[in-house]
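Structure for this input, please:
(one chain, ligands or ions: 1)
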Amino acid sequence: MGTPYHLSFVAFFGRTFDEYMQMFSITPTELRKGRTLDCPSGPDSFIAEGLRQGLDVVGCDPMYQFDASEIHARGKASIDATFEELKKNPDSLHHKNLEEFTRNKYLALEAFAADYALNKKHGRYVHASLPKLPFADGSFDRVLTANFLMLYACVADGGLYDGREFDLDFHLRSVDELARVSKHEIRMSPTRAASTPWGEHPYLQAIMERLRLKQFTVELVPSVYDDGFGTNNHLLVARRSIALY
Ligand SMILES: C[S@@+](CC[C@H](N)C(=O)[O-])C[C@H]1O[C@@H](n2cnc3c(N)ncnc32)[C@H](O)[C@@H]1O
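A predicted model of the protein is given here:
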C-alpha cells in the first residue's frame, strides 16, 4: 500500500439519492415522515430527487453562497481534482466498482445543479457552515450528515485532509449543533478512519459520548455502502431518548 489517500481541500463531491439510501440505511418511505436536513449536502442529488418524490428535504453547505452556474463549474472542477488525486494513489481506495462510483459523482452533480437553479429561492439549499447553523432548535425531524465529519479530520487523526482546522473540538461543537436542530434522529457516516491505522475513527467514541450527554441513544449499524475504504464501515444512528417538546 502506498501513501494513504489525502486531500489539501474539502472536496465539493456528492452522492446520488440511491447511494444516500444505502449509506444511511434508510428508505423513501421512512423519509416521508417529517422534515430532513442534509448537512453538508454538497453537490449530491439527495435534495433534487427527494423533492421530486415529494419529500420535505433541505440541504445546507458553505458552497451554497454561489449562484447556479458558478457552483456547477466549481463542482465539476472539484470532482476532476479529487479523481486526479486518486489516480496518484490508486492503491488507497478499494471500490468494488470504481467506474460506477466515478459516474455517480458526475450524475449527482448534474441533477443537483439543475435543481439548485430552481429550488434555491424556495429555501431548499441554504448557505451554512458547521459548527453554527441558521436553523431554530428542533427544526428537523432528522439530520443526515455524511462525508464531512470524521472524514475531513487531519490525516494524523484518521481523516484524509491535510488541514488541521476540523479537530476534535470542531467535531464536538458540530455534533452539539446537529443535535440542537434535530428533533428525533441523527445519522452519520462514515465512522471509520480513512487513514492508517484503519479501523474505528479516533473521534468516534467522543462523538458518541457527546450524543449520549445530549440525551440521544446511539447505535452503530453495519453499512452495505461501498465508500472505497474497505469493509467494516458502520453507520452511526442516534435517536433522542427524551422528546424535545
Ligand atoms: C465530500 S462533500 C459531502 C457531500 C455529501 N454529504 C455527500 O456525502 O455526498 C463535503 C462537503 O463539506 C462541505 N464543507 C466544508 N466545510 C464545511 C463546514 N465548515 N461545515 C459544513 N460543511 C462544510 C463542502 O463544501 C462539501 O460540500
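
When you work out contacts or count neighbours from here on, use the C-alpha atoms and nothing else.
Fine.

Excluding covalently adjacent residues, which one is nearest to the residue nearest the centre of the chain?
Geometric centre of the chain, nearest residue: Ala146, 1.9 Å, by Cα atoms, centre = their mean. Among residues not flanking Ala146 along the chain, Ser189 sits closest, at 4.8 Å (Cα to Cα, 6 or more residues apart in numbering).

Now the phi/psi pair for Ala194, please.
phi -100, psi 0 (degrees, to the nearest 10).

what does the chain have sitting close to the ligand?
Along the chain, the residues adjacent to the ligand under the rule Cα under 6 Å from any ligand atom are 10-15, 40-42, 44, 61-63, 129-130, 146-148.

one more time with 5 Å, if that's ok
11-15, 40-42, 44, 129-130, 146-148 (Cα under 5 Å from any ligand atom).

Check the secondary structure at Glu219 for me.
strand (DSSP: H, G, I helix; E, B strand; the rest coil).

Name all residues that make contact with it.
236-238 (Cα atoms under 8 Å, 6 or more residues apart in numbering).

Using a markdown table, lay out those residues together with neighbour count, secondary structure and pLDDT.
Below are the contacts of Glu219 laid out as a markdown table (neighbours: other Cα atoms under 10 Å; DSSP: H, G, I helix; E, B strand; the rest coil; pLDDT from 0 to 100):
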| residue | neighbour count | secondary structure | pLDDT |
| --- | --- | --- | --- |
| Leu236 | 22 | strand | 98 |
| Val237 | 20 | strand | 98 |
| Ala238 | 23 | strand | 98 |
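
ok, of those residues, which one's closest to the ligand?
Leu236 (14.2 Å; Cα to the nearest ligand atom).

contacting residues for the closest one?
Leu236 neighbours (Cα under 8 Å, 6+ apart): 186-191, 218-221.

Could you give the separation of stretch 209-227 from the chain centroid?
Taking Cα atoms, centre = their mean, to the nearest Å, one finds stretch 209-227 lying 14 Å from the centre of the chain it belongs to.

what pairs with the closest residue to Ser241 other than its chain neighbours across the strands?
Take Ser241 and drop its neighbours on the chain: the residue closest to it by Cα to Cα, 6+ apart is Phe216, 5.2 Å away. Beta-bridge partners recorded for Phe216 (DSSP bridges): Arg240.

quick one: Phe216 from Asn104, how far?
Using Cα to Cα, to the nearest Å, one gets 33 Å for the distance from Phe216 to Asn104.
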